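Chemist: my questions are about this predicted structure, shown below with the sequence.
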Amino acid sequence: MTISDGKDELYDLNELYKQGAVERSPVSIDKKIIKLAEANIANASESEKKYAPRQKLNSLARITSVAAVMVLSIYVFFDIRDEIQYEPMLEESYDLSSDAMSEESVSLAPDEVELSFKSSAPSAEVFEQERAAIKLEVRKEKKVKEKKVKEKQSAQKKSVQRESKPYLAPKRQKLMEPIQALSPATEPLELNKLQYIRDLVAKNEKEKALELLQEFVRQNPEYQLPDDLLFYLKKNDIK
Amino acid sequence: MMLVQADTDESLMMAYAKGNIDAFESLYARHKDPMYRYFIRQVSSIELAQDLYQECWSRIIKSAQSYLPTAKWTTWAYRMAHNLCIDHFRTVKKLDSYDEFYDSTAPGSYDRHSIKPEYSHEMTRLSEQLKSCIERLPTVQREVFLLSQETDMTLKMVSDVVSASYESVKTRLRYAKSKLQECLQKYHVDGGKL
């Protein structure tokens, strides 16, 4: 112990305590505990074998979903960029055609001007109509794309929410039951707390999430963390 | 194959989590008796103490896979022991008020005189008396005193285990020691009667 007893104290408590501390844990209990430890190791290796392919699948699914999100975001980025460039180009092309028209009209003789004016009048109308039609089409396309993007984003959100729901494997659930029954002091709202931590991770507030998770583990060392949070804690705890 | 004594508790626990049963045996051998004494001095009967002791080790074993050496192993393990005691006290509703740890008149919560040490013939009269005095301490002071005696924890670590501030723990320990001194003196003055 770091704090020593004062020198003026009448009795050396440390010495007296050591002298009296002769109780030993019974051998029968020792054996039981060692057996339990062995059984736990055996169970762990069995479940590891059982869940190993599933874990691989899970990690593959995670990688795939991340890749999909990246591809989607790149696609959306370029799509928006194209749309931004599209409208000025339309107006530019219109300007160019009108410029060409005016040059054409200048180069013609006065008689021909009237003729050309007469002939160009319907073409201008047609052009206006075409332009309006194109604009309408562009707007429709834009709306459709926006709708698609929104749908994709909402689908993504849903999938993230689905992933972040607490999942306890049946075996773990069974494992938790005696603990839940035995430890009312350590139990209330643990799943909510873990969910909150998951939400923080999803919001990219990693430091706060890690801090909370460490505190949670410190407060409830006996609690079996879900695989995702355990992985997260182990990954970030190396620092 | 027993592991060498130089291995830290943390490394032994990590080795056990990876499947090394020898590591667990070494760890268990190192801590079984102090933890056993912690329980038998904390609760009312030896049977109950043994139950809690087994439960505590069972929790340690089950939590091995999720163990991370962020804190000292002793802090981690005794935290579980503390939680178990708290849960037990709450169940029987006889916990000393944790806010009243300054109350020098507070008696021990239980009639703990039913505990008959298995090796009483080896004990000196005074150390026997010290045990009776420890029983009379308020629970919170008793726990801090026991942790300070049975483990190599610093006060900071003890404060982590019992979820109290460093200053509170320091005060609890000081009060516990002064009460034990008074108790032993009184015993001498009264000619061996308390």
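Modeler: Here it is on my side, so go on.
Chemist: C-alpha only now, for contacts and for neighbours.
Modeler: Will do.
Chemist: tell me if whichever strand or helix holds B:Leu48 is near chain A.
Modeler: Element membership of B:Leu48, judged by DSSP states H and E, is helix B:46-62. Yes. Using C-alpha under 8 Å from any C-alpha of the partner chain, helix B:46-62 reaches chain A at B:54, B:57-62.
Chemist: give me the mean pLDDT for the helix or strand A:Arg139 falls within.
Modeler: According to DSSP H and E, A:Arg139 maps onto helix A:110-164. The pLDDT scores in helix A:110-164 average 74.
Chemist: same check on stretch B:135-148?
Modeler: 91.
Chemist: try stretch A:23-40
Modeler: 91.
Chemist: that stretch near chain B at all?
Modeler: Yes. Stretch A:23-40 comes into contact with chain B (C-alpha under 8 Å from any C-alpha), by way of A:23-25, A:29, A:33-34, A:36-38, A:40.
Chemist: for stretch B:52-69, which positions count as buried?
Modeler: B:52-68 (16 or more other C-alpha atoms under 10 Å in any protein chain shown).
Chemist: now do the buried residues in stretch A:23-39.
Modeler: So, applying 16+ other C-alpha under 10 Å, buried residues of stretch A:23-39: A:25, A:30, A:33-34, A:36-38.
Chemist: farthest-separated two in these?
Modeler: Across the buried residues of stretch A:23-39, no pair lies farther apart than A:Ser25 and A:Glu38, at 19.0 Å, counting by C-alpha to C-alpha.
Chemist: coming back round to it: now the residues of helix B:46-62 next to chain A in JSON lines, with pLDDT and distance to B:Met153?
Modeler: Converted to JSON lines, the residues of helix B:46-62 next to chain A look like this (pLDDT from 0 to 100; distance: C-alpha to C-alpha, whole Å):
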{"residue": "B:Gln54", "pLDDT": "93", "distance to B:Met153": "22"}
{"residue": "B:Trp57", "pLDDT": "94", "distance to B:Met153": "19"}
{"residue": "B:Ser58", "pLDDT": "93", "distance to B:Met153": "22"}
{"residue": "B:Arg59", "pLDDT": "92", "distance to B:Met153": "21"}
{"residue": "B:Ile60", "pLDDT": "93", "distance to B:Met153": "18"}
{"residue": "B:Ile61", "pLDDT": "93", "distance to B:Met153": "21"}
{"residue": "B:Lys62", "pLDDT": "90", "distance to B:Met153": "24"}
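Chemist: can I get those residues in TSV with distance to A:Asp228?
Modeler: What follows is the residues of helix B:46-62 next to chain A, written out as TSV (distance: C-alpha to C-alpha, whole Å):
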residue	distance to A:Asp228
B:Gln54	30
B:Trp57	26
B:Ser58	24
B:Arg59	21
B:Ile60	21
B:Ile61	21
B:Lys62	18
